[in-house]
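1. missing the sequence, but the structure's below:
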Ligand SMILES: [Zn+2]
């Protein structure tokens, strides 16, 4: 059984948007070289998205612009301290994000750009 409690629907129009472990998500398929990535589907709004897409974003308490900026700096090779200073983000938060995104920071950045989180 897949543990989807860490995930939530990414469709901001969905009533279950941002609610983790609401039981509205199912795994529709797997992809990646080791089939290690899952495609998730929300049973409420029928949205489909990659499990990679939203996890770090929703695990952070940062506004999307700030999160994006942190990712940009990490992807450009800035250190945690420098990124924190430039983005005005706590160093611990930058460290956490950098661990979550790891070597995939650049891929993730591309996905997030495609995803284009809306501005409140
Ligand atoms: Zn939904």
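-> Yep, it's here. Everything quoted here is computed from the prediction, not taken from an experiment.

2. would you list every one of the strands in the protein?
-> Per DSSP state E, the chain carries strands over the ranges 25-31, 37-42, 48-50.

3. Identify whichever of the ones you listed lies nearest to residue 8.
-> Across the strands of the chain, residue 8 has its closest neighbour in strand 25-31 (7.5 Å, C-beta to C-beta). For every residue, glycine as well, the C-beta is placed using N, CA and C.

4. tell me what the closest one is packed against?
-> strand 37-42 (3 or more C-beta pairs under 8 Å, 6 or more residues apart in numbering; DSSP states H and E).

5. low-confidence ranges in the protein?
-> Across the chain, the ranges flagged by pLDDT under 70 are 1, 52-61, 100-120.

6. Close to the ion: what parts of it are there?
-> 9, 11, 14, 16, 42, 44-45, 47 (C-beta under 5 Å from the ion).

7. got a winner among those for most neighbours?
-> The most crowded member of the residues of the chain next to the ion is residue 9, carrying 26 neighbours; neighbours defined as other C-beta atoms under 10 Å.
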